[in-house]
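Participant: Provided below for reference: sequence and predicted model.
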Amino acid sequence: MLVLFGDSPLITPQTLARLRRALIDGAAVAVAGFHTQRPGPYGRLLVEQGRLRAIREAKDASPKELDINFCNGGVMGLRADTCLWLLERIGNQNAQGEFYLTDALAVANEAGLTVTAVEVDEIDVLGVNDREQLQVAEQLYQQRRHRRIKECPMGDYQRLYIGGEWVAPVQRGVFDTLDPSDESVLARVASATFEDVDRAVAAARSAFDEGDWPRWSGAQRAEVLRRIAEGIRNRQDELAAIEVRDNGKPLPEALWDIADTAGCFDFYAGLAEQSDQQSEQSIDLPDARFTSSVIKEPLGVVAAIIPWNFPMLMAAWKVAPALAAGCTVVLKPSELTPLTALELAGIADKAGLPAGVLNVITGLGREAGAPLAKHPYVDKVAFTGSVPTGRKIMQAAANDIKNISLELGGKSPFVIFADSDIEAAVEWILFGIFWNQGQVCSATSRVLVERALYPALLERLITATEQIQIGQGFEDGVKLGPLVSQGQLEKVLAAITAGQQEGARLVSGGVRPDYPEKGYYLTPAIFADVPEDSSVWREEIFGPVVCLRAFDTEAEAIRLANDSPFGLAAAVMSRDIPRCERVARGFRAGIVWVNCSQPTFVEAPWGGYKQSGIGRELGEWGYNNYLETKQITRYNGEPWGWYLK
């Protein structure tokens, strides 16, 4: 339930924006006012047989309507999709930019939509300052929503999306994708081989060389991208349910991922529009006989190879900017979590994306990913994943000197000084390593704590970690789901064993829980007093494992933080902001967080130093990843006369 408050039949622009962000199909919306028994001067409700017929300004109301006790205490109930449909059609605004509910009701009645009204007592109306009641209402709504999400049906995933059509793999192969929460077969999925890769690349090549998409204006491409974003939002619950089943993450995290996915397409739609005003840049030259300008052009056919930790979101990070730039794409998701990539293809198809502009092939890495990375008709490879696979991508791309961008691993440090608030520090440590079961490339898995705070922080961290609820992603209150696969679980368990053998002190977790009995679950692990040369301190584990050690000076903290082959991210916490800024500039990392860990915004660049990758994603930097720069220089002078006099 979403409740709107006010003494007048108005909707502020802020409320309208909140509605557009928050409402989902099927949600109940209540618009409530106050003072049912003490009519105010602002508005009246006309009700006939329980149906709300009109909302009037007091000055326009008839004497009969003025006597009605509903007044500002009425409740207008609509489905969320209906409410959004109405709000999009409200045109009348007052001087403050507020929208009249009067207009919403008029549109509803014209469309024949039923709007109900009930009389309420003042005490029954949730007050805008009553946080406790609001929280109860929100919890009830989320519980109903989660039950509905859990019942979302699965689709058919035994076809590839190539050239605007759903086609069977040439060799008719399929593979199983598993639900990591109970190890059951979730779906049978089309298994592409090199023949299918050839077909997909050929479709993308044809769409780029001969199709309209690269030659459309940015505004035209933006229209399609926004329709894709809308299609994602319209199916947010269903897509989140698929991610929970396919990846194992808790539902609130999956819902957040899908919302960010839609936002990513919206953001790059905006950049595509802006490109129309920045299509050509003049350059000042020292020779007046010449004029020169620079234009940006789409790079070509992109092979986008994505990991399993944020399946649909990682697809958006590559597909959205590539499409915005005018490129065509062959998307290869991880075989562990292939489902939402195929769903994205269906959404793009319905949004009117021309055939061949986006192609999605599912399959094993060696049978589909490797042939795609080295395909001669691919102009760029954009890859997110492990360092070993990244090396293979670079080697494959070297034959044709392909353009590449790599977002690889990390072993990110989090430096916490003794003046930090201990509760805030523990919260951000937990968020920095246990979000998504620790399967995050930027996870702040190395925590450096100033010695004076170290004992108390460690004790508080252990207590908080052991209270984390583990379970299936649809269960209420779960903050840690299963790891993505049996192989990943075994890898993390092996790393924990190695850490213990190398002298790191395991002070909490790191074992299989008694419940649930099936599934790839692991209790979150904390290592203390970890030696600098320990593998758990130096190597990426990609699981819910955090390592702590103490430091004495700022210089030592920076040295320990930078002593890593990785450089994706780093974080620092202190009440001393100048010190935070100083340390932030001392980190050798592409992403630095101050007094937090892991916030990610599509507007800001994402990428790392050293073995953490090449290039940047997100923001305008991610957009430029998919553009080529061309200079055009013109001669406007007399005959050149160098050879011909």
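Facilitator: The structure has been received and is ready for your questions.
Participant: What helix or strand is Ala259 located in?
Facilitator: Per DSSP states H and E: Ala259 is located in helix 251-275.
Participant: Count the neighbours of the nearest residue to Arg549 once chain neighbours are set aside for me.
Facilitator: Closest residue in space to Arg549, ignoring its immediate chain neighbours: Val530 at 5.1 Å, by C-beta to C-beta, 6 or more residues apart in numbering. (C-beta placed from N, C-alpha, C; glycine too.) Number of residues near Val530 (other C-beta atoms under 10 Å) recorded here: 23.
Participant: With Ala259 instead?
Facilitator: A total of 17 residues lie near Ala259 under the criterion other C-beta under 10 Å.
Participant: List the contacts of it.
Facilitator: Shown in contact with Ala259 (C-beta atoms under 8 Å, 6 or more residues apart in numbering): 233, 236.
Participant: any idea of the pLDDT on the residue nearest to Arg549?
Facilitator: The score at Val530 is 98. That number is its pLDDT.
Participant: ok, now Leu336?
Facilitator: The model's pLDDT for Leu336 equals 98.
Participant: Return the distance of the closest residue to it other than its chain neighbours relative to Thr337.
Facilitator: Excluding the flanking residues, the one nearest Leu336 by C-beta to C-beta, 6+ apart is Trp308, at 4.2 Å. Distance of Trp308 to Thr337, computed by C-beta to C-beta, to the nearest Å: 4 Å.
Participant: Over to Tyr515?
Facilitator: Distance, Tyr515 to Thr337, using C-beta to C-beta: 25 Å.
Participant: hang on, the earlier thing: host element of the residue nearest to Arg549?
Facilitator: Counting by DSSP H and E, Val530 is found in no helix or strand.
Participant: wait, doesn't it sit right on Trp537?
Facilitator: Yes - assessed by C-beta atoms under 8 Å, Val530 is found in contact with Trp537 at 4.8 Å.
Participant: on that earlier part again, list residues touching both of Trp308 and Thr337?
Facilitator: Each of 247, 484 lies in contact with both Trp308 and Thr337 under the rule C-beta under 8 Å, 6+ apart.
Participant: Between the two, tell me which one has more neighbours.
Facilitator: More crowded of Trp308 and Thr337, by other C-beta under 10 Å: Thr337, with 28 against 20.
Participant: can you tell me which residues contact the more buried one?
Facilitator: By C-beta under 8 Å, 6+ apart, Thr337 lies in contact with 177, 243, 246-247, 308, 311, 484.
Participant: can you redo those residues as CSV with pLDDT and secondary structure?
Facilitator: Formatted as CSV, the contacts of Thr337 follow (pLDDT from 0 to 100; DSSP: H, G, I helix; E, B strand; the rest coil):
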residue, pLDDT, secondary structure
Thr177, 97, strand
Glu243, 98, helix
Asp246, 98, helix
Asn247, 98, helix
Trp308, 98, coil
Pro311, 98, helix
Val484, 98, coil
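Participant: what residue ranges in this protein are flagged as low confidence?
Facilitator: In the prediction, the chain carries residues with pLDDT under 70 at positions 1-141, 144.
Participant: May I have the host helix or strand of Val201 as PDB, with CA atoms only?
Facilitator: Element membership for Val201, per DSSP H and E: helix 194-209. C-alpha atoms of helix 194-209 as PDB (Å, rounded to 0.1, in the frame of the first residue of the first chain):
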ATOM      1  CA  PHE A 194      30.500 -22.000 -32.900                       C
ATOM      2  CA  GLU A 195      27.900 -22.400 -35.600                       C
ATOM      3  CA  ASP A 196      25.400 -20.300 -33.600                       C
ATOM      4  CA  VAL A 197      28.100 -17.800 -32.800                       C
ATOM      5  CA  ASP A 198      28.700 -17.400 -36.500                       C
ATOM      6  CA  ARG A 199      25.000 -16.800 -37.100                       C
ATOM      7  CA  ALA A 200      24.700 -14.300 -34.300                       C
ATOM      8  CA  VAL A 201      27.800 -12.300 -35.400                       C
ATOM      9  CA  ALA A 202      26.700 -12.400 -39.000                       C
ATOM     10  CA  ALA A 203      23.300 -10.900 -37.900                       C
ATOM     11  CA  ALA A 204      25.000  -8.200 -35.900                       C
ATOM     12  CA  ARG A 205      27.500  -7.500 -38.700                       C
ATOM     13  CA  SER A 206      24.700  -7.100 -41.200                       C
ATOM     14  CA  ALA A 207      22.700  -4.900 -38.900                       C
ATOM     15  CA  PHE A 208      25.700  -2.600 -38.400                       C
ATOM     16  CA  ASP A 209      27.000  -2.500 -42.000                       C
END
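Participant: That one: which residues count as buried?
Facilitator: In terms of neighbour count (16 or more other C-beta atoms under 10 Å), helix 194-209 has its buried residues at 194, 196-208.
Participant: Touching stretch 285-296 from outside, list them.
Facilitator: By C-beta under 8 Å, 6+ apart, stretch 285-296 touches 275, 278-283, 325, 624, 627-638.
Participant: tell me which residues of it are tucked away?
Facilitator: By neighbour count on 16+ other C-beta under 10 Å, the buried set for stretch 285-296 is Lys296.
Participant: wait, Gly519 sits on Pro482?
Facilitator: Yes - using C-beta under 8 Å, Gly519 is in contact with Pro482, at 4.5 Å.
Participant: tell me which residues in stretch 167-180 are buried?
Facilitator: Neighbour-count burial for stretch 167-180, counted by 16+ other C-beta under 10 Å, picks out 169, 173-174, 177-180.
Participant: Turn those residues into a markdown table, columns for secondary structure.
Facilitator: As requested, these are arranged in a markdown table below (DSSP: H, G, I helix; E, B strand; the rest coil):
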| residue | secondary structure |
| --- | --- |
| Pro169 | coil |
| Gly173 | coil |
| Val174 | strand |
| Thr177 | strand |
| Leu178 | strand |
| Asp179 | strand |
| Pro180 | coil |
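Participant: can you put these in a markdown table and add distance to Ala525?
Facilitator: Formatted as a markdown table, those follow (distance: C-beta to C-beta, whole Å):
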| residue | distance to Ala525 |
| --- | --- |
| Pro169 | 40 |
| Gly173 | 38 |
| Val174 | 36 |
| Thr177 | 27 |
| Leu178 | 23 |
| Asp179 | 24 |
| Pro180 | 18 |
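Participant: domain parsing for this protein?
Facilitator: The chain is divided into the following domains under automatic domain parsing: 2-149, 161-216+285-408+622-627, 413-611.
Participant: before we move on, back to that, for Gly519 and Pro482, list the residues in contact with both.
Facilitator: Joint contacts of Gly519 and Pro482 (C-beta under 8 Å, 6+ apart) are 180-181, 248, 472.
Participant: ok, those vs Gln501, which is closest?
Facilitator: For these, the minimum distance to Gln501 (C-beta to C-beta) is 27.4 Å, reached by Pro180.
Participant: show me what contacts that closest one?
Facilitator: So Pro180 contacts 247-248, 481-485, 519-520 (C-beta under 8 Å, 6+ apart).
Participant: Repeat that for Arg512.
Facilitator: Contacts here follow C-beta under 8 Å, 6+ apart; on that basis Arg512 touches 521-523.
Participant: Make TSV from those and add secondary structure and distance to Lys392 to it.
Facilitator: Converted to TSV, the contacts of Arg512 look like this (DSSP: H, G, I helix; E, B strand; the rest coil; distance: C-beta to C-beta, whole Å):
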residue	secondary structure	distance to Lys392
Tyr521	coil	31
Leu522	coil	28
Thr523	coil	33
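Participant: so which of these comes closest to Asn562?
Facilitator: Distances from Asn562 to these, taken as C-beta to C-beta, are shortest for Leu522 (29.4 Å).
Participant: Which pair of the contacts of Thr337 spans the longest distance?
Facilitator: Of all pairs drawn from the contacts of Thr337, the greatest distance, 12.1 Å, lies between Thr177 and Glu243 (C-beta to C-beta).
Participant: Between the shared contacts of Gly519 and Pro482, which sits nearest Trp606?
Facilitator: Gly248 (23.4 Å).
Participant: what separates the most centrally placed residue in the chain from Glu253, distance-wise?
Facilitator: Central residue of the chain (C-alpha atoms, centre = their mean): Asp260, 3.4 Å from the mean position. Per C-beta to C-beta, Asp260 is found 11 Å from Glu253.
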